[in-house]
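> I would like to see how this sequence folds:
(2 chains)
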Number of protein chains: 2
Amino acid sequence: MIGMGNERPGNRPGLRRILIGAALAACLLPALASGTIRAAAPGPAAAGGAEGVAPVIRRVLNNGLTVLVKPNSANDVVAVKLFLRMGAFYEPPQQRGVSIMMQKLLTRGTTSRDARQLDEAVESLGASIRAGLEGDDYGSVTLTTTVAGLEESLAVFLDAIQHPTFPESELVKERQMTLDRLSASGDQPTTSAYVNYLRLFYGDLPYGTTPADYARVIAGLTREDLLNWYRKVYIPNNMVLSIAGRVDPAQLLARLEKTLGGLAAGAPLRPVEPTAPRIEQDRATVLVRPTQASFIILGYPAPELRSADRPAMELLHWILGGSGMGSRLFTRLRDERGLAYSVSTGYVPNEGPSQLFAFMATAPANLEAAKAGLIAEFQRMRDEPVTAAELESAKKAVRGSYLVQHESNAAQGDFLGRYELLGLGYRYDEQYPDRIDRVTAPDIQRVARQYLTHYTLSVVGPEPGKE
Amino acid sequence: MIGMGNERPGNRPGLRRILIGAALAACLLPALASGTIRAAAPGPAAAGGAEGVAPVIRRVLNNGLTVLVKPNSANDVVAVKLFLRMGAFYEPPQQRGVSIMMQKLLTRGTTSRDARQLDEAVESLGASIRAGLEGDDYGSVTLTTTVAGLEESLAVFLDAIQHPTFPESELVKERQMTLDRLSASGDQPTTSAYVNYLRLFYGDLPYGTTPADYARVIAGLTREDLLNWYRKVYIPNNMVLSIAGRVDPAQLLARLEKTLGGLAAGAPLRPVEPTAPRIEQDRATVLVRPTQASFIILGYPAPELRSADRPAMELLHWILGGSGMGSRLFTRLRDERGLAYSVSTGYVPNEGPSQLFAFMATAPANLEAAKAGLIAEFQRMRDEPVTAAELESAKKAVRGSYLVQHESNAAQGDFLGRYELLGLGYRYDEQYPDRIDRVTAPDIQRVARQYLTHYTLSVVGPEPGKE
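Just a heads-up that it's a prediction; the model follows:
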């Protein structure tokens, strides 16, 4: 069941999977045919730790660059990932989208290698380097390699992040491709529903930026814009570098100190517009499209990434719609009442204003009943505490899911680096299960009452009465 | 870059990711902003094996059930997966779709637990059980749990696979949901393009079954149909059970022998229509839709899963379009000529007739040039051998990708069980890198000449001249 459960609540990948599931589950048989008992996850971690995993080593270089090393000899994959604050949350309003193009161009040429030479240098080692944005608060550059290929591929990685040239010819091509892609984003109704929802929820704030907004900016971006933004973002005090795998920490740290220790620190990045006005009423937007199904997204404000309320909201999300077939929305709206063939929730905790949303795909004739049913289930979270059994199951499922999600070196490095960059500290990753365990049913009800106030609703589907 | 590379060629998940990427990359920033140097994978496996991994144990019970155990103490996750032949390739033509509903209902009630009790039994352990179809040749039931939760959750898993009741009330609900979902499958243009392509490619063969075909059958399915099909499919000589994780093989095998050893064998499943008529000409289908982009799928016949030509085709696929930004299609059509903002290939080796396809999303004005460019690149694979450098890089990338894909216990168990069920034997998984290594450039050209004969083309987009 694509897009349901098996994701740690609040993860961005969870959001992505929900939308993906909605878009494609109808055609792809593996998704269509899946029946699930609680699309959740395995039980609590056993007391004994895994073999071959040493504690995390954290080193802050003099210029502010933070390095995290997690030695792990379970296999031969080495995952290197650089995290940097960037994205719409940090971009000047007239430059929203510059991080997209900067990341796209980062690996298309350095002072000593053109795009083809970069490709070949990495390919010939069987390694891969990717630069990208992860949501609106930060971006990353990832090197995936092996123990044997680490030394050489790390040299290419360090070249790409330190000496990109953003060639004009590459910019011209990449800009046109990106504009074509952005202009086609409305072709998928689930995408339209989510874009319209975010715009209505956030208005002109960074998180509400639409593909059309990005296109307007990107059409006018110059090489100079990319270079200027690069100089502000790629500074050591805006970087966290995580490495997980069978590595020699002392040797690796010495090398990084030598290559990256000389970078000059710069002015710390600050969010342009960190807060949002309070939402004072329910709001709705409808886009009429000649689709067979109606697509609904309905959401509410939710705790930010660093909020103490976040663990309670993650469990609320899990119980309401994050846990697949065992969730309340699935059981009540799909299973008991047949109001939707797909229903789930997504919690997206940002650095700034955040939100929890439900997604439904339903036969158009059921639209009004489905909307009312959704709203009633959110209301019930305010009206009564979750049961002891619900809470217990959700905690076990979240803990189990945590374990499954930490199996690979790439995932281990990813969690550490992300939490460190976002100000929670890398230890947040290991503390996470305990934070979840301490949440009580009254905590969840309090958080529901505080945050689930006025809804924001987006619908894409046929005109009522014309389906 | 969602949907590009980082998948072992020929994997079904690769196909899924390609379509997902096409559908959603336009909106989701993490995808949009990713720049990649060869979205490939790390280098060749180091000589030393990973710690804590013992050899695979294979045991065939007297009734024909094959059990594979891969002890691995790297972490606390235990992955249990049952594989069974089923799906359109094995279904009687008038019953195509019965496997979909059987799998959906499998976990909705047993002789001793109703749906709610099954959910709760698994939830309270923090485990998960999923039943589903994986393509058209086989299906699976997966238990994800921990070392501590294995004993109890395995009991629920064994109950679900041995004693399902397919309750009438659950069937009525699930059937309606499935029909709603199938009727909405055309709402996403990428889905439509692929469905139309498969129908044109396969005609009335099982792999060409459309959502509308499935809907016609599913609308009339009874509980008796599901029970009858279950009795034919869930027989021990149609089962491979794989278990990966920190387990005691002797104890586990004794338990499985005791619980599953008594099942009675039945008649082996045979494909209904195992071969396809030879394709004698190029074919095309166009669906006019008011989209901003044009979506193209163009494909050719390709070696079947057990064909000796498969490794050569996997490398051809990798070099042509499976490796992301380093691939020929990406470099030539997107990078050099700007003809598509998304382009990649997918190779889908089935038990029966198989195919290799390219997917492109392009501005409608570029449609004709994009089509011609695609066809020319397939032709070039026939006309000239790949270069030594291309072949070397592709081999390294496929080997590296293999390593990354085997990091988790779930993935390890998945590969073993799938190859065993599909007649390649579980050892095929460990032999795979060497099979890839033995492919030569003339092998690839020979395979190109033999298979890439007449194309099948599907386009969804605006009317020419009206974009």
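> Checking the closest residue to residue A:93 other than its chain neighbours next. Helix, strand or coil?
Counting by Cβ to Cβ, 6 or more residues apart in numbering or on different chains, residue A:272 is the residue found nearest to residue A:93 once chain neighbours are left out, at 6.5 Å. To be clear about C-beta, it is placed using only N, CA and C from the backbone, and glycine gets the same treatment. The three-state label given to residue A:272 by DSSP: H, G, I helix; E, B strand; the rest coil is coil.
> again with residue A:360
Taking three-state DSSP as the rule, one finds residue A:360 in the strand state.
> part of a strand, is residue A:142?
Yes: under three-state DSSP, residue A:142 sits within a strand.
> residue contacts, it?
By Cβ atoms under 8 Å, 6 or more residues apart in numbering or on different chains, the contact set of residue A:142 is A:79, A:80, A:81, A:82, A:128, A:129, A:130, A:131, A:132, A:410.
> Just read off the phi/psi values of the closest residue to residue A:416 other than its chain neighbours.
Leaving out its chain neighbours, the residue that sits closest to residue A:416 by Cβ to Cβ, 6+ apart is residue A:426, at 4.4 Å. Dihedral pair for residue A:426: phi -70, psi -20, per degrees, to the nearest 10.
> Quick check: residue A:426 touching residue A:60?
No: taking contacts as Cβ atoms under 8 Å, residue A:426 lies outside contact range of residue A:60: 11.6 Å.
> So for these two, which residue has more residues nearby?
residue A:426 (20 against 12; other Cβ atoms under 10 Å in any protein chain shown).
> Just give me the neighbour total for the residue of the stretch 251-400 of chain A found nearest chain B.
Using Cβ to the nearest Cβ, residue A:396 is the residue of the stretch 251-400 of chain A that sits closest to chain B, at 3.1 Å. The number of residues packed near residue A:396 is 24, by other Cβ under 10 Å.
> tell me what the helix or strand hosting it is packed against?
According to DSSP states H and E, residue A:396 maps onto helix A:388-405. Judged by 3 or more Cβ pairs under 8 Å, 6 or more residues apart in numbering or on different chains; DSSP states H and E, helix A:388-405 is in contact with helix A:310-317, helix A:428-437, helix A:441-451, helix B:115-123, strand B:138-146.
> Include distance to residue B:228 when you put those into CSV, please.
CSV is the format used below for the helices and strands packed on helix A:388-405 (distance: least, Cβ to Cβ, whole Å):
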stretch, distance to residue B:228
helix A:310-317, 41
helix A:428-437, 45
helix A:441-451, 46
helix B:115-123, 21
strand B:138-146, 16
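> between those, which gets the lowest average pLDDT?
Looking at the helices and strands packed on helix A:388-405, the lowest mean pLDDT belongs to helix B:115-123 (a mean of 86).
> and the angle for that helix with strand B:138-146?
Orientation check (axes from the mean of the first three to the mean of the last three Cα atoms, to 10 degrees): helix B:115-123 against strand B:138-146 gives 50 degrees.
> The helix or strand just after helix B:115-123 pairs with which strands, and in what direction?
Proceeding N to C from helix B:115-123, the next assigned helix or strand is strand B:128-134, under DSSP H and E. Strand B:128-134 sits in its sheet next to strand A:35-37 (antiparallel), strand B:138-146 (antiparallel), going by DSSP bridges.
> any chance of those in CSV, plus distance to residue B:327?
Output for the strands paired with strand B:128-134, formatted as CSV (distance: least, Cβ to Cβ, whole Å):
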stretch, distance to residue B:327
strand A:35-37, 35
strand B:138-146, 29
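> among those strands, which is nearest residue A:375?
strand A:35-37 (25.7 Å; Cβ to Cβ).
> Tell me the first helix or strand C-terminal of the closest one.
Once strand A:35-37 ends, the next helix or strand along the chain (criterion: DSSP H and E) is strand A:57-60.
> which other helices and strands contact that following strand?
Against strand A:57-60 (3+ Cβ pairs under 8 Å, 6+ apart) you get strand A:66-71, helix A:249-260.
> re earlier: among the strands paired with strand B:128-134, which comes closest to residue B:173?
Among the strands paired with strand B:128-134, the nearest to residue B:173 by Cβ to Cβ is strand A:35-37 (12.0 Å).
> what's the pLDDT at the residue nearest to residue A:416?
In this model, residue A:426 carries a pLDDT of 94.
> if I pick it, what's in contact with it?
Counting by Cβ under 8 Å, 6+ apart, residue A:426 has contacts A:56, A:58, A:68, A:242, A:416, A:417, A:419, A:420.
> That one and residue A:130, how far apart?
Distance of residue A:426 to residue A:130, computed by Cβ to Cβ, to the nearest Å: 22 Å.
> Same question for residue A:297.
Distance, residue A:297 to residue A:130, by Cβ to Cβ: 29 Å.
> neighbour count winner among those two?
Shown here are residue A:297 and residue A:130; by other Cβ under 10 Å, residue A:297 has more neighbours (28 against 25).
> In which helix or strand does that one reside?
Following DSSP H and E, one finds residue A:297 within strand A:294-302.
> Pairing partners for that strand, with directions?
strand A:354-362 (antiparallel), strand A:456-461 (antiparallel).
> With mean pLDDT and mean neighbour count added, can I get those strands in JSON lines?
Output for the strands paired with strand A:294-302, formatted as JSON lines (pLDDT from 0 to 100; neighbours: other Cβ atoms under 10 Å in any protein chain shown):
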{"stretch": "strand A:354-362", "mean pLDDT": "96", "mean neighbour count": "27"}
{"stretch": "strand A:456-461", "mean pLDDT": "97", "mean neighbour count": "25"}
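> Format those strands as CSV; extra columns: distance to residue B:207.
As requested, the strands paired with strand A:294-302 are exported to CSV (distance: least, Cβ to Cβ, whole Å):
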stretch, distance to residue B:207
strand A:354-362, 26
strand A:456-461, 31
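> residues touching residue A:411, list them.
Listed by Cβ under 8 Å, 6+ apart, the contact partners of residue A:411 are residue A:405.
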